[in-house]
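Trainee: Got a predicted structure plus its sequence, pasted below:
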Amino acid sequence: MNQFAEWLSQTSWSLVIQTHEWIIPTVQSIHIVAIGVILASVIMIDLRILGWAGRDQTLVETTERFGPWLSGALCVLLLTGALMVVGEPARELLAFSFWFKMCLVVVGVTTAGAFQLALKRHERHWETTLVNRWSIKSAAVLTLLVWVGIVILGRLIAYDHVWGSWSMSPKA
Amino acid sequence: MSIPEILAALEASQLSGRIRDSLYLFPLIESFHVLGLTMVFGTIAIVDLRLLGWASTRRPFSRVALDVLNWTWLAFALTVATGVLMFITNAGVYYHNLSFRLKMGMLVLSGINMLVFKQTAARSIGRWDRERSAPPVGRTVAAVSLIVWISVIFLGRWIGFTSTRAQPAGDSGISIDIESLLPK
């Protein structure tokens, strides 16, 4: 991974990002705006499942309102995230927080995708039965926690020393 | 007490010292600050987009706002609390930081913007609650709100890149870029 980060840091894309000081903070800011959209979308869908918000809307209506924003912001997130990896390979790829975060991203995205597909296939079953199930409500809380974890780990990439010996980052 | 004295007192406080001395507290506080502000921005955006007529248009505005705004305030409280904790660790530096000052200005602007909304469009809510979008003044408030909060995010990030930390002595012989090891 060290070698890969070293190679990536010498690519022309990486050098462009490294030599323009405004790029990283700008990309980070856009990344934060996009995670804000995702977090709020997940919160609204999960609150609907829990029955704490949007009860005048069906689950399908709620998901149709927030699903596209979730997917759109996710694309922005992946793109800006990739730019940050290219621009600062060692900071990202050697950070324990980064890989932990990526695991949670896989879980979060898979859950969101599977949920939207399952909802489309069994609309009525979801609206009448599934949404009231205790297991589905717990899953909603868990997904929200996954995204909360993603935000926190994202910031912790800058402070990977908090993981002690789990971090591969060079010690300052 | 003058402002420099207040800043110095904040930095000298026991709480400030404890956060500075800990390897974990500042990173954790900052992480929860980001969590709070992303929730503030995301939930406010839902209300703003409804006012603009860009999303949730089939629901009355009042319902959308009712669903969202309690969470916005909760998240705002978290963001302010964690923001204050970060501020006191290095009050003098943040106080003089341009991005920090602009960010605080933006927060004041967002408060004024909210008051404008309460004094204007919010008073005639009954007339446009079910309309696709708010009257012009409501749409203007919404556009200002979106711009202000996105600016707050950008300025907040800029504070991290422009606030001076203790600079290690420059030594071109070392191959590691010390700057890149500092948290950003």
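Mentor: Yep, it's here. Numbers count the residues shown, from 1 in each chain, chains lettered A, B, ... in the order given.

Trainee: Just the CA trace of stretch B:120-138, in CSV.
Mentor: Taking C-alpha atoms only, stretch B:120-138 is exported to CSV below (Å, rounded to 0.1, in the frame of the first residue of the first chain):
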residue,chain,number,x,y,z
THR,B,120,-42.8,38.3,6.2
ALA,B,121,-43.7,35.1,4.4
ALA,B,122,-44.4,33.1,7.6
ARG,B,123,-47.2,35.5,8.5
SER,B,124,-49.2,34.6,5.4
ILE,B,125,-48.4,30.9,5.5
GLY,B,126,-52.1,30.0,5.3
ARG,B,127,-52.3,31.5,1.8
TRP,B,128,-49.4,29.6,0.3
ASP,B,129,-48.8,26.6,2.5
ARG,B,130,-50.2,24.2,-0.2
GLU,B,131,-48.8,26.1,-3.2
ARG,B,132,-45.9,24.7,-5.1
SER,B,133,-43.6,27.4,-3.9
ALA,B,134,-43.5,30.2,-1.4
PRO,B,135,-44.1,33.9,-2.4
PRO,B,136,-41.0,35.8,-3.8
VAL,B,137,-39.8,36.9,-0.4
GLY,B,138,-39.9,33.3,0.9
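
Trainee: So for that stretch, what gets flagged as buried?
Mentor: B:120-122, B:128, B:133-134, B:138 (16 or more other CB atoms under 10 Å in any protein chain shown). Bear in mind the C-beta positions are built from the backbone N, C-alpha and C, glycine included.

Trainee: now stretch B:87-98
Mentor: Buried positions in stretch B:87-98, judged by neighbour count with 16+ other CB under 10 Å: B:87-91, B:93-95, B:97.

Trainee: Please identify which helix or strand holds the closest residue to residue B:40 other than its chain neighbours.
Mentor: Distance criterion CB to CB, 6 or more residues apart in numbering or on different chains; nearest residue to residue B:40, sequence neighbours excluded, is residue B:75 at 4.7 Å. Assigned by DSSP states H and E, residue B:75 belongs to helix B:61-89.

Trainee: picking that back up, check the buried residues of stretch B:87-98 and tell me the two furthest apart.
Mentor: The distance between the two most remote of the buried residues of stretch B:87-98 (CB to CB) is 14.4 Å, for B:88 and B:97.

Trainee: count of neighbours near whichever residue of chain B sits closest to chain A?
Mentor: Using CB to the nearest CB, the single residue of chain B nearest to chain A is residue B:42, 2.6 Å away. Neighbours of residue B:42 under the rule other CB atoms under 10 Å in any protein chain shown: 28.

Trainee: can you check residue A:32 too?
Mentor: Neighbourhood size, residue A:32 [other CB under 10 Å]: 23.

Trainee: how much space between it and residue A:7?
Mentor: Separation of residue A:32 from residue A:7 (CB to CB, to the nearest Å) stands at 28 Å.

Trainee: Mind telling me what element residue B:34 is part of?
Mentor: Using DSSP H and E, residue B:34 falls in helix B:25-52.

Trainee: Okay, angle between that helix and helix B:61-89 too, please.
Mentor: 150 degrees (axes from the mean of the first three to the mean of the last three CA atoms, to 10 degrees).

Trainee: check contacts around the closest residue to residue B:83 other than its chain neighbours.
Mentor: Distances taken as CB to CB, 6+ apart put residue B:33 closest to residue B:83, at 5.9 Å, once the chain neighbours are dropped. Applying CB atoms under 8 Å, 6 or more residues apart in numbering or on different chains, we find residue B:33 in contact with B:78-79, B:82-83, B:86.

Trainee: Any chance of CSV for these, columns pLDDT?
Mentor: Output for those, formatted as CSV (pLDDT from 0 to 100):
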residue, pLDDT
B:78, 98
B:79, 98
B:82, 97
B:83, 97
B:86, 96
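
Trainee: In the residues you listed, which residue is surrounded by the most others?
Mentor: residue B:79 (22 neighbours).

Trainee: That one reaches residue B:37, doesn't it?
Mentor: Yes: Residue B:79 is within contact range of residue B:37, at 4.8 Å (criterion: CB atoms under 8 Å).
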